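Enquirer: okay, here's the prediction I keep looking at, along with the sequence it came from:
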Number of protein chains: 2
Amino acid sequence: MAKKEEIQHDCEHCKSRYKSIFCQIAPEELQIINENKWCQTLEKGQQLFAEGAYPHGLFCVNSGKIKIHQMGEEGREQIVRFAKEGDVVGYRAMLAGEKYSSSATALDHTSICFIPKNVIFALIEKDSSFSIQIIKLLSSNLKHAEESILHLAQKPVRERMAESLLFLKEMYGLESDGITLSVSLSREEIATLVGTATETTIRLLSEFKTKKLLSFDGRKIQIIDTPGLLKIANIHD
Amino acid sequence: MAKKEEIQHDCEHCKSRYKSIFCQIAPEELQIINENKWCQTLEKGQQLFAEGAYPHGLFCVNSGKIKIHQMGEEGREQIVRFAKEGDVVGYRAMLAGEKYSSSATALDHTSICFIPKNVIFALIEKDSSFSIQIIKLLSSNLKHAEESILHLAQKPVRERMAESLLFLKEMYGLESDGITLSVSLSREEIATLVGTATETTIRLLSEFKTKKLLSFDGRKIQIIDTPGLLKIANIHD
DNA sequence: CTAAAATCATGACAATTGTCATATTTGAAA
DNA sequence: TTTCAAATATGACAATTGTCATGATTTTAG
């Protein structure tokens, strides 16, 4: 991870802070973070950290999009989570005192801040409401992971594909036109999210296009018929 | 959940405490827990809590075996986690302030203690090392969940079946004969763990038996050839 | 702008896995 | 024990999904 000269943001005026686990901390604690953090930008495709490395702190996402992914057998990737502004990444391994079990890669031009391990642990020590924030974050991640387990085990690929597209809409939202997914993933990446082969992904997306549920503009995907996708995804409420 | 008259254990002398998230707490805190907890036993098949209900506290497993499972579409169950003595169940939803997203059912005669919500939150408030225990527990669960996601998405059923059997051996150990799995699950339950159809489970177990990897004694499964199962599971290190 | 590489697309086919039907066995209760 | 329901087992078949091959298109680098 090359440390380049980067603009050092100010935590106090950080707009993503209010959406984050740092939303409730005291000004003096924030000051400590501000003095110890450093900021960095990542280009699309750059890796933030890699599976197997040791964490020295955690990363706050200022802006941009990040995928958290794991390597399976025969080098096939699996996306297990996403992050956007206000999210924190690389914290699970750090908190558990383990090596990273996943890698993190930018999906876009992304701005992040790094906060050292000792600062985080000192904060947990001092501020129980911060601990609760972390606990809630982990709980939320665990809930989503267990939901993924359920769906991977029981739903057919077509349903998962529709669900994943709707998930991406929820997660990263739409562009100003109101229909185009903000996040741009390759067919292969979508395959590693849904848990299927790239060819199957291509075929299903074409099918959805034919059925007027989607349309494409280059790599960008437009969501034309959300209710239709909900129906295919077998989501009722 | 019927409150029957149950033997009230003493937390101070609880043998499963040292394996649990309560291993480090101060004697006076332990006393508070002891005064507020209540104990209960569950027979095989009894439910501890159900998906959709509101949690009022968490459950410590004293002895026995518990499965954590979710209901999918068309009423198919999916096992997402197991618990044994020293483990804590029902805490994720409680900590997040949500309804249970899974149910918990005893797989054996099981003894548990209930600790009310407010006692746990007071402990988090007071004792940062307890918070860290909870954080580590959630981190560990999340890591395993993400590993399951990877395997469900990428490994074929046969590999997952072998892996699940080895997992059950790790999780609940063997009987005194050194080969019989301590936990006894129906074929259907194994299917909901592996994420496949019951028939496929039956066929694969028969295949493993034919290949002298397993043998059966009624519902009990004996692990005959662990290296062989590791090979099928595609686990190398 | 052009060449090379990566990505996307499509067809043909095979392997895996699920579903349905139907025994057979086991275990629990009368 | 006897009986009945549940669990296990097995076969036949179909549907889903993955793999391999190949070509078209897009993107990227020089």
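Expert: Received, thanks. Residues are numbered from 1 along each chain as shown, chains lettered A, B, ... in the order given.
Enquirer: is whichever strand or helix holds A:Phe59 up against chain B anywhere?
Expert: In the assignment (DSSP states H and E), A:Phe59 maps to strand A:57-63. No. Remark: strand A:57-63 sits outside contact range of chain B, by CB under 8 Å from any CB of the partner chain, the gap being at least 12.3 Å. Placement of C-beta: from N, CA and C, glycine included.
Enquirer: let's see that strand as PDB, backbone CA atoms only.
Expert: What follows is strand A:57-63, C-alpha atoms only, in PDB (Å, rounded to 0.1, in the frame of the first residue of the first chain):
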ATOM      1  CA  GLY A  57      -6.100  -0.500  12.100                       C
ATOM      2  CA  LEU A  58      -9.300   0.100  10.300                       C
ATOM      3  CA  PHE A  59     -10.400   2.100   7.300                       C
ATOM      4  CA  CYS A  60     -13.300   4.600   7.200                       C
ATOM      5  CA  VAL A  61     -14.800   5.100   3.800                       C
ATOM      6  CA  ASN A  62     -15.100   8.800   3.000                       C
ATOM      7  CA  SER A  63     -16.600   8.400  -0.400                       C
END
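Enquirer: so what strands line up beside it?
Expert: Sheet pairing of strand A:57-63 (DSSP bridges) gives strand A:88-89 (antiparallel), strand A:110-116 (antiparallel).
Enquirer: for the residue nearest the centre of chain A, which three-state class applies?
Expert: By CA atoms, centre = their mean, chain A has its centre lying nearest to A:Phe82, at 1.6 Å. Using DSSP: H, G, I helix; E, B strand; the rest coil, the structure places A:Phe82 in strand.
Enquirer: ok, now which ones touch A:Val61?
Expert: A:Ser16, A:Ala83, A:Lys84, A:Glu85, A:Gly86, A:Asp87, A:Val88, A:Val89, A:Thr110, A:Ser111, A:Ile112 (CB atoms under 8 Å, 6 or more residues apart in numbering or on different chains).
Enquirer: verify the stated contact: the second one with A:Arg92.
Expert: This means A:Ala83. No. A:Ala83 is beyond contact range of A:Arg92, at 11.8 Å (criterion: CB atoms under 8 Å).
Enquirer: distance of the residue nearest to the centre of chain A from A:Ser102?
Expert: Remark: distance between A:Phe82 and A:Ser102 (CB to CB, to the nearest Å) = 12 Å.
Enquirer: ok so, going back, give me the buried subset of the contacts of A:Val61.
Expert: The neighbour-count test (16 or more other CB atoms under 10 Å in any protein chain shown) marks A:Ser16, A:Ala83, A:Lys84, A:Glu85, A:Gly86, A:Asp87, A:Val88, A:Val89, A:Thr110, A:Ser111, A:Ile112 as buried among these.
Enquirer: list the residues that contact the fifth one.
Expert: Translated: A:Gly86. So, once contact is read as CB under 8 Å, 6+ apart, A:Gly86 ends up touching A:Ser16, A:Arg17, A:Tyr18, A:Lys19, A:Ser20, A:Val61.
Enquirer: same deal with the third one?
Expert: Listed by CB under 8 Å, 6+ apart, the contact partners of A:Lys84 are A:Val61, A:Gly64, A:Lys65, A:Ile66, A:Met171, A:Tyr172.
Enquirer: repeat that for 6 Å
Expert: A:Lys65 (CB atoms under 6 Å, 6 or more residues apart in numbering or on different chains).
Enquirer: the fourth one now?
Expert: Residues touching A:Glu85, when contacts are defined by CB under 6 Å, 6+ apart, comprise A:Ser16, A:Val61, A:Ser63.
Enquirer: closest one of the residues you listed to B:Gln154?
Expert: A:Val61 (26.9 Å; CB to CB).
Enquirer: tell me the pLDDT of that closest one.
Expert: Looking at A:Val61, its pLDDT stands at 96.
Enquirer: is A:Leu174 in a bridge, and if so with what?
Expert: With DSSP bridges as the rule, A:Leu174 is bridged to A:Leu181.
Enquirer: what residues does chain A have near DNA strand D?
Expert: By the rule CB under 7 Å from any atom of the strand, the part of chain A lying against DNA strand D is A:Pro156, A:Val157, A:Arg158, A:Gly195, A:Thr196, A:Ala197, A:Glu199, A:Thr200, A:Gly218, A:Arg219.
Enquirer: tally of neighbours for the first one?
Expert: What that stands for is A:Pro156. As a burial measure, A:Pro156 scores 10 neighbours (other CB atoms under 10 Å in any protein chain shown).
Enquirer: same deal with the third one?
Expert: By the other CB under 10 Å criterion, the neighbourhood of A:Arg158 contains 18 residues.
Enquirer: and what about it, helix, strand or coil?
Expert: Quick answer, by three-state DSSP: A:Arg158 is helix.
Enquirer: okay, the angle between the biggest helix by length in chain A and strand A:57-63?
Expert: When chain A is parsed with DSSP state H, its longest helix is helix A:128-154. Helix A:128-154 and strand A:57-63 are oriented at 80 degrees to each other (axes from the mean of the first three to the mean of the last three CA atoms, to 10 degrees).
Enquirer: okay, buried residues for helix A:128-154 please.
Expert: A:128, A:130-139, A:141-154.
Enquirer: and chain B, which of those reach it?
Expert: Filtering the buried residues of helix A:128-154 for proximity to chain B (criterion: CB under 6 Å from any CB of the partner chain) leaves A:128, A:131, A:134-136, A:138-139, A:141-143, A:145-146, A:148-150, A:152-154.
Enquirer: buried stuff in stretch A:194-201?
Expert: Quick answer for stretch A:194-201 (16+ other CB under 10 Å): A:Val194, A:Gly195, A:Thr196, A:Thr201.
Enquirer: coming back round to it: the longest helix of chain A vs DNA strand C: in contact?
Expert: No. Helix A:128-154 does not reach DNA strand C (CB under 7 Å from any atom of the strand); its nearest approach is 8.1 Å.
Enquirer: and that helix, what's its mean pLDDT?
Expert: Computed over helix A:128-154, the mean pLDDT rounds to 97.
Enquirer: other SSEs contacting it?
Expert: If you count contacts as 3 or more CB pairs under 6 Å, 6 or more residues apart in numbering or on different chains; DSSP states H and E, helix A:128-154 packs onto strand B:77-84, helix B:91-96, helix B:128-154.
Enquirer: can you redo those as JSON lines with distance to B:Glu207?
Expert: Listed next are the helices and strands packed on helix A:128-154 as JSON lines, based on distance: least, CB to CB, whole Å:
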{"stretch": "strand B:77-84", "distance to B:Glu207": "22"}
{"stretch": "helix B:91-96", "distance to B:Glu207": "36"}
{"stretch": "helix B:128-154", "distance to B:Glu207": "19"}
